[in-house]
Structures are given as C-alpha cells and as structure tokens.
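Peer 1: coords below, sequence missing:
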Ligand code: PMT
C-alpha cells in the first residue's frame, strides 16, 4: 500500500531506553512502506540494541559515532540532517530531551538535530516520575514552542514497575504522526474534506438495531489519504472496530439522523464531502424505551419510515459532493441515476457482489462516474488507493478559495 511514506528520507534517532526494541519494529514498518530509513544510535541505545539489528532491517548503514572513520555519515553529519524529510527521536529519554532543549550537540543524534531544518517528532519513553519532573516538563514545553511534535508518552505499565505516563506510543500511532507530519504541505493543504464511514444503526429498542455490513474501512482509508496530502480531514463515523486515525478529526455518530446533523454541520465550511458510509434508507418510526419482549406471537413487524437523504439534502454550491453507489445489479445504470437524482459531482460505483470488493474487504474495485458522462473503471486496488484516486478527481473540482 503506497502512502506518503514512499521514497521519503526518515531518520530515526534511537536513544538509551528499554523501549529501543520497539524502534526496530518501527524501522521495519517504515522500510516496508518503502521509506529510506537512516538510524542514528546513541551510546545509551547501543546498550540495549545493536546497530546490526537496524542495518539488517533497513539495508542501510547505521551511524553511531560522529568521528567513526568507517561511516559515510559520521563526519558529514550535516548530510543526514539535510537529507531527512523528518527526524523521529524514538524512544527519547529524559536526558536526550534535556540536551535538545539546551541545544547541546555532543553525539551524532543531537548534532544532527541541531543541524536539521526538517520537522522533528519526539516519542518519549521513561519512568513516569522522570516525565512528570518539572525539569522534563519545562524541556518538553520549550521544544513544543519551537515546533517539535511530541507523540506520547502513553500511560500504562512501565519497565520500573510503576503504572503511569511514560510508555512509548505503539508503532501504528507513530506511523500516523509521521504521515501527518510529512503530509502537512501536501497538495490538499488548506482544504477541509469531510468523509463518512461505517453502517448507521437504527434503534428498535435499547438492545436491537437495524444496521448493515459496512466495516468503515473504505471511509477511514479515504480520510487517511486526505490527511496524508495535508487536508484537514474529518471522519463522521458510526462505531467500528478500526482505530481512530491520527491527524483525522473524529465525529462519532450512530443513526442516519445523527449522521445527517454531523455532516450538515461539518460541511458548512468544507471543500468536499465523500459519503462512503452505508446509510440506512429506513428506520423504525420510533424506538421502544424498554427491551421488547418475545411474547406469544410468531410474527412481529416493525413500522419503518424513510431516513432523510443526507448527501442529496446538502445545500451550498461551493461544496464538491461525492457519493458511493453500493449495487448488487445494474451497477453503472443505478450509479448514474443516483449521480443525477442526488445532485452529485462524482459517484463511485461499487459492485458489492465480488469477494474482494465492497463490504469489509481491504481492497475495492470501483468505477468513478462524473456529471459530464465520464467514466473511469479502476482495477482492483487497496481502499487507500481508491481514496487517492477519488481525491485526484476531487481536486480539480474545488470551488472554494483555500482556507
Ligand atoms: O465500510 P466498508 O466495509 O469498507 O464498505 C464500503 C462500502 C461498501 C460501504 C462503500 O464502499 C459504499 O459503497 N458505500 C455506500 C453505501 C450506500 O449506502 O450506498 P447507497 O447506494 O445506498 O447510497 C448512495 C449514496 O447516498 C451513498 O454515498 C450514501 O452514503 C448516500 N446516502 C444514502 C442514504 C441516505 N439516507 N443518505 C445518504 O446520504
């Protein structure tokens, strides 16, 4: 799945903490995402992990010493500082954070940090008392004011045995922070894009709902693709099993009516809306206050009423409107008619009968239709790539001035 990590130069500055082993996993995930990963290890880090472990994962030399004659990067530390698109200090000890705050440059990492113009992310890992100490807190504040991004620390069980704030954040969260940081000046910077995801839940009683098979994967992938290109992405989502993507603002909803209110509100100042959610067309006329008992009858009917069509009801000429059409037959004809009847700019025709496309899959196969009669049949691809393709077609349609 190519993301905005592909081809980027990412420097990991690894400092002496028991959490060092987690940096190996991060280096591996970044390398798999086709980033060029350089690792600078401090002496403290070498007590926990060997340079060889990182070199084996990244297939690149690891730099440990500013004056190491064997390393192409040692004396020319400025080269590392200059070629980095982002530098991530992971894990960051209290000591390294203090050195950064004071502008010290007594090893390869702090020297590189002082010489770089690239954005810097710091992921602390330390004992809770060390993190809470006024000295560390003052150093963190100073670095934040200078534009350094902090990821964590998270709360939980620490190596010291304490339960508290000091754990290194997990790799998926850090990847989100890195992708958000790299995307900041992307081609969608200054644009607000609202995406809906998941299947709405229409309450029958406090226990039962009418819903559908949407996992939220399609909507989440579009929101991540928008974030990776610098957009201010808002995800209006029903409950799903997916983690909230870093750098995407989440608005949680359950029913079609909740979703309508949230979408109407968020779209007031948005540039585009992409409705990937599977919204119920019908809901019970009213939800029972108490659990409905089984009773003696073998039959039970629920009176349903139509939900409002959220995307069709959006007003404002400047909003680019993109809908999905989940179809099990006459895909293109049905999608075309929804494009027109709902007043959309684009519709994504989604055949939900294929096993590798539609609900709950990681891949999708769609056709993008536009108002002018254009039709683009995309091959099977990841839902993230479908998102990238949709955004490529949304971009020339923007009608608002940039924020
Ligand atoms: O979440 P996943 O498991 O990844 O699955 C993805 C998906 C199959 C749900 C997604 O790709 C998809 O096709 N979503 C649209 C599902 C749907 O509701 O389609 P529809 O043809 O019923 O509706 C057409 C469009 O109108 C949709 O954009 C829908 O969000 C919108 N709509 C529908 C009803 C309603 N009351 N208000 C709406 O705005």
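Peer 2: All right, it came through fine. Fair warning: this is a prediction, and the values are worked out from it, not measured in the lab. Numbering: from 1, shown residues only.

Peer 1: tell me where the stretch 51-200 of the chain has helices.
Peer 2: Ranges of helices in the stretch 51-200 of the chain, per DSSP state H, counting those that start in this stretch, are 51-58, 77-83, 94-102, 108-115, 128-132, 134-145, 171-183.

Peer 1: near the ligand, which residues of the chain?
Peer 2: 214-218, 256, 275-279, 281, 307, 309-311, 323-326, 338, 350, 352, 358-360 (Cβ under 6 Å from any ligand atom). All C-beta atoms are positioned from the backbone trio N, CA, C, and that covers glycine.

Peer 1: please pick the buried ones from these.
Peer 2: With neighbours counted by 16 or more other Cβ atoms under 10 Å, the residues of the chain next to the ligand contain buried members at 214-218, 256, 275-279, 307, 309-311, 323-326, 338, 350, 352, 358-359.

Peer 1: pull the number of nearby residues for residue 342.
Peer 2: Neighbour count for residue 342, taken as other Cβ atoms under 10 Å: 18.

Peer 1: ok, back up a step: would you turn the helices of the stretch 51-200 of the chain into a markdown table with mean neighbour count and mean pLDDT?
Peer 2: Listed next are these as a markdown table, based on neighbours: other Cβ atoms under 10 Å; pLDDT from 0 to 100:
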| stretch | mean neighbour count | mean pLDDT |
| --- | --- | --- |
| helix 51-58 | 18 | 95 |
| helix 77-83 | 18 | 85 |
| helix 94-102 | 20 | 97 |
| helix 108-115 | 23 | 94 |
| helix 128-132 | 17 | 92 |
| helix 134-145 | 14 | 98 |
| helix 171-183 | 21 | 96 |
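
Peer 1: with distance to residue 262 as added columns, please give the ones you listed in CSV.
Peer 2: Converted to CSV, the helices of the stretch 51-200 of the chain look like this (distance: least, Cβ to Cβ, whole Å):
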stretch, distance to residue 262
helix 51-58, 42
helix 77-83, 43
helix 94-102, 39
helix 108-115, 41
helix 128-132, 36
helix 134-145, 31
helix 171-183, 22
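
Peer 1: any idea how far residue 18 is from residue 175?
Peer 2: 21 Å (Cβ to Cβ, to the nearest Å).

Peer 1: and stretch 266-277, end to end?
Peer 2: End-to-end distance for stretch 266-277: 15 Å, by Cα to Cα, to the nearest Å.

Peer 1: try stretch 131-150
Peer 2: Span of stretch 131-150 from end to end, Cα to Cα: 13 Å.

Peer 1: contacts for that stretch?
Peer 2: 94, 97-98, 100-101, 119-124, 126, 130, 153, 164-166, 177, 181 (Cβ atoms under 8 Å, 6 or more residues apart in numbering).

Peer 1: before we move on, what about stretch 222-234?
Peer 2: So stretch 222-234 is contacted by 3-4, 179-180, 182-195, 197, 235, 245, 247-251, 266, 270, 274, 276, 383-384, 386-388, 390-391, 403 (Cβ under 8 Å, 6+ apart).

Peer 1: among these, which ones are in strands?
Peer 2: 192-195, 197, 235, 249-251, 274 (DSSP state E).

Peer 1: just to check, residue 7 is in contact with residue 37?
Peer 2: No: assessed by Cβ atoms under 8 Å, residue 7 is found out of contact with residue 37, at 11.7 Å.

Peer 1: between these two, who's got more neighbours?
Peer 2: residue 37 (24 against 11).

Peer 1: how about the more buried one, phi and psi?
Peer 2: phi -110, psi 120 (degrees, to the nearest 10).

Peer 1: pairing partners for it in the sheet, please.
Peer 2: residue 10 (DSSP bridges).

Peer 1: which residues touch it?
Peer 2: So residue 37 contacts 10-12, 27, 30-31, 57-58, 60 (Cβ under 8 Å, 6+ apart).

Peer 1: pick out the most distant pair among those residues.
Peer 2: Across the contacts of residue 37, the longest distance by Cβ to Cβ is 14.4 Å; it joins 11 and 57.
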